[in-house]
Structures are given as structure tokens and as C-alpha cells.
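Asker: Sequence below, structure please.
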Amino acid sequence: MFIPRVKKEKELDKRLEIGKALVYTSDNVNGDFAAEFLRIAVPSLEISAGYGGKLVFIEDLSIEKGAYEIKNDVSHIVISFSDREGARNAVATFVQMLRCSENGVFFVECSDVSDLPDCKFRSVMIDLARGVPDLQRLKEDLLRIALLKATHIHFHLMDTNGICYETEVFKQEQFPVGRPLLKKSEVKELVQYCDALGLIVIPEIDVPAHANGIINANPEIACRVPYANPSRYVVCAGNEATYSVIEKLIDEIADLFPGPFIHVGGDELYFNDFPNGNNFCLWEDCEICRSAMVRERLSGKQELYYYFMRRLYNMVEAKGRRMILWNDEIDVSAPVPLPKDIIVQYFRIANEYRGPNKGCSYSGFAEQGFSVINSDFTRCYVDMEEYANPEKTSSFCYYEFPSVFERYR
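Answerer: Numbering: from 1, shown residues only. I've put the predicted structure just below:
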């Protein structure tokens, strides 16, 4: 059985001898891309282009996007597809057909396969903000993700500790977790590697909350409040200096990551149920934010949050990108004053004391016209043992929508 499971498979009682080298034949760029992906996935197999190859790539525009067919003949294997994603997905399946003997000779256990993806967007998020792994290990993980036929890779670049690469927008202390900060050249290397794997990169900064690192590096963007030891968890939404820093950061991100999306975070604006953490939103106490609310005729921090996100939307749109943000601080019990071409990434409905929750639901976002990524926390968050639930994770299905009662737990 192939993983992920294919739609149709007919096992054939035969095998095709490959040897230590494989010649492929292709008359289209997506076939050449697929051959390069195969080189990365099976580096011990020598691969070259030529006529009469045992692996033949054919472009067939009648096949759906992302879909492919693999047909086995007596002397060769034919892989058909209509686009780049289909070519990559086909090779991910072909890699599982390959076998290698003890002396390094390859052969194929033959099957005829017809397959297509259930959904167009299939993504994995890697949290680089909380620790950058060894680059070689990271590349190995990215290859596994591509072999599982994901379409996108989401890099969480910035959080409480700061940003994980050597930004030129502000000075920060050495990143305290994992290896040293990524150099810009290493970021570009990762982006190029993802492209070779057929993965579209989604870069994410995280504002206005989770912002201790960026505030420590830019103290002028902290809220101005009349008491000691104020929280540095949320940037000042009324200060033009805040938008200046974020715009420069978005410009830099757009240069490093040429894909179609920029994720701006926008989650967990306040943790009123954890007072000892000092992770509060001070907008209603801040003299600068209060002045902005009067000036812009905004009633309270919910409306100021939307104002903040509209400002970021304009920055992202100016770079020709589409904005993504987390869902939990959006109140879908009422009309949402945000552009409907923003993609909302659902991970939970806010708990009491952490944001809007009454009347909020996953379906509410779709009903208001937003495109929604289903990444329900209770099934998709698997990076720490105390959060991982193998039973729920293994039963995740993209079209089973979270209920209104799903909570962060």
C-alpha cells in the first residue's frame, strides 16, 4: 500500500529491472522537474535524460491538476500528468515502488496507479521561531513532507524570542534556542530547496501579539502606560513607528520568500487567564492607542485589532501577496470588517478570557466569505507530547469541520 493511499492501484505480478542508473525520457519541463525531484529523493540512483528511457514522463492536459497516472509496460514505466504538482506527486508514489538490492541494484515492484488529491491545499507548519534545527536535518524533514505530497510548507519565523534569521530591520540578541540565527543566504537556500521539492513556502511573522522579541529590539513600539513593568507581549497599535517597523519587515520577508502568500500571525492577543505570564494587551490603557481609537472612531480593542490588520493587509497587498492570519481573534458572531480575500487559518475558537468566542465557529468564517484553512488545534498540533493525540491526529479529515465547542486544550 502506498502512503498516502492512492485512489486506484492494480498490483502487477512483475518487476522491472533498473540497475544502478535510470534513463528517463521527457518532452516537457514538468517531467524534467520530476526527474530532479527523483534525484533528491533517491540520491544513490544515477539519473540521466535520454531517448528510450525506462521512465517516460508525458504531459496530458486532460488529467486534473495534481493528479497523475502510472502505467507499467514490459520495458518501461509511463507517468502522465497535466501540471508540476501532478508530476511531483507521481514521483512520490514511484519512489515507493523502487526497491534496492544489497549490492545497490534497483528494480521496481510494478503497479498501475491512478491518483488525485482530495484537496488543493495540504500544508505542514514548522516552528523555526522556537528553535532552528540543523539544516541537513531540516532538509530531510522537508523531503519527507514532499514525499507525503504536501503542497505548502509554512515557516513560523517570529515569536516571543524574536525572529529566526539575521534580519536587517532591527538588531536583536542572539537567538536563544537551538542553533545560531539563520543567515539570509541559508534562508534563500531553504526556499530554493523547497521549490525543488514542489513545496510553496508560506513565511509567517507574528504580530501584534507574541511580540516580546521585536519590542525588546524596538522599545519605541511598546505601549505607553502609566505603571511599572508593563507587558511587552503586544505591539502598540496606535503608534506609526510600529507600522514602519512591520512594513520594513514585510518588505524583507517578501524579498526572501517569493511565493504568493505572507502570513502575519494575529493570534492570541491576550492571556487574561494566565496573569503571572504578564502577556497582556494594553491597548485600552495606552495613551497612544486611546488617541488612535478616538482619531479613527474605533470603539475598543476589537475594532483596533481590525484596524491593525487592515493596515497590514495594505502592506502585504502592496507586495503583490495574499495575506493569511490565524482565526482566534476574529469575532464571526458579527460582520467582520476585513477584506474577504484574506485567508483565515483556523486553529481554535478562543477560550474565555483569550478572545471572542460566543457565537463563533469554524463555519462562521466560510459563511462570511473567507477562504479557510482547516488546521484544528486538537488534531493538528503535534509538536509536543502533551499536546499530541495520536487517535485524533490519525483520524483528521479536512472536510470534517471543527464544532463550535472545540477549545484550546
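
Asker: Quick one: neighbours of the nearest residue to residue 147 once chain neighbours are set aside, just the number.
Answerer: Closest residue to residue 147 apart from its sequence neighbours, by CB to CB, 6 or more residues apart in numbering: residue 92 at 4.8 Å. Placement of C-beta: from N, CA and C, glycine included. By the criterion of other CB atoms under 10 Å, residue 92 has 25 neighbours.

Asker: check which helix or strand covers residue 92.
Answerer: helix 84-97 (DSSP states H and E).

Asker: buried ones in that helix?
Answerer: Residues 84, 85, 86, 87, 88, 89, 90, 91, 92, 93, 94, 97 are the ones in helix 84-97 that count as buried (16 or more other CB atoms under 10 Å).

Asker: how long is stretch 196-204 end to end?
Answerer: Counting by CA to CA, to the nearest Å, you get 21 Å between the two ends of stretch 196-204.

Asker: sorry, back to before: export the helix holding residue 92 as CSV, just CAs?
Answerer: The C-alpha trace of helix 84-97 is given here as CSV (Å, rounded to 0.1, in the frame of the first residue of the first chain):
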residue,chain,number,x,y,z
ARG,A,84,4.0,20.4,-11.9
GLU,A,85,2.2,19.2,-8.8
GLY,A,86,0.9,16.1,-10.6
ALA,A,87,4.4,15.3,-11.8
ARG,A,88,5.8,15.6,-8.2
ASN,A,89,3.0,13.6,-6.7
ALA,A,90,3.6,10.8,-9.3
VAL,A,91,7.3,10.6,-8.4
ALA,A,92,6.5,10.5,-4.7
THR,A,93,4.5,7.3,-5.5
PHE,A,94,7.1,6.0,-7.8
VAL,A,95,9.8,6.3,-5.1
GLN,A,96,7.7,3.8,-3.0
MET,A,97,7.7,1.3,-6.0
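
Asker: Which neighbouring elements make contact with that helix?
Answerer: If contacts are counted by 3 or more CB pairs under 8 Å, 6 or more residues apart in numbering; DSSP states H and E, helix 84-97 sits against helix 29-41, strand 68-72, strand 77-81, strand 106-115, helix 135-147.

Asker: Would you reformat the ones you listed as a markdown table and include mean pLDDT?
Answerer: Below are the helices and strands packed on helix 84-97 laid out as a markdown table (pLDDT from 0 to 100):
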| stretch | mean pLDDT |
| --- | --- |
| helix 29-41 | 98 |
| strand 68-72 | 96 |
| strand 77-81 | 97 |
| strand 106-115 | 95 |
| helix 135-147 | 96 |
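
Asker: Residue 306 falls within a helix, correct?
Answerer: Yes - with DSSP: H, G, I helix; E, B strand; the rest coil as the criterion, residue 306 is part of a helix.

Asker: pLDDT weak spots in the stretch 251-400 of the chain?
Answerer: 383-389, 392-400 (pLDDT under 70).

Asker: how about the helices in it?
Answerer: 287-295, 301-318, 362-367, 377-380, 390-394 (DSSP state H, counting those that start in this stretch).

Asker: mind listing what residue 140 touches?
Answerer: By CB atoms under 8 Å, 6 or more residues apart in numbering, no residues touch residue 140.

Asker: And residue 205, by the same measure?
Answerer: Contacts of residue 205 by CB under 8 Å, 6+ apart are 157, 158, 163, 246, 249, 250, 253, 262, 263, 264, 265.

Asker: For residue 32, give its distance to residue 84.
Answerer: 10 Å (CB to CB, to the nearest Å).

Asker: my guess is residue 277 meets residue 271, correct?
Answerer: Yes - using CB atoms under 8 Å, residue 277 is in contact with residue 271, at 5.7 Å.

Asker: in the sheet, who's paired with residue 100?
Answerer: residue 106 (DSSP bridges).

Asker: how many other residues sit next to residue 269?
Answerer: 26.

Asker: Let me see the contact set for it.
Answerer: 208, 209, 234, 281, 301, 305, 329, 355.

Asker: Got a ChimeraX select line for the buried ones in those residues?
Answerer: The buried subset of these, as determined by 16+ other CB under 10 Å, is captured in ChimeraX by this line:
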select :208,209,234,281,301,305,329,355
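
Asker: Just the buried residues of stretch 124-141, please?
Answerer: Applying 16+ other CB under 10 Å to stretch 124-141 flags 124, 125, 126, 128, 129, 132, 138, 139 as buried.

Asker: Counting neighbours, which bits of stretch 375-384 end up buried?
Answerer: 375, 376, 377, 378, 379, 380, 381.

Asker: Kindly report the same for stretch 239-249.
Answerer: 239, 242, 243, 245, 246, 247, 249.

Asker: How about stretch 250-261?
Answerer: Within stretch 250-261, the residues scored as buried using 16+ other CB under 10 Å are 250, 252, 253, 254, 256, 257, 259, 261.

Asker: Okay, the residue lying closest to the second one once chain neighbours are set aside and residue 251: tell me how far apart.
Answerer: Distances taken as CB to CB, 6+ apart put residue 169 closest to residue 252, at 5.7 Å, once the chain neighbours are dropped. The span separating residue 169 from residue 251 equals 8 Å under the rule CB to CB.
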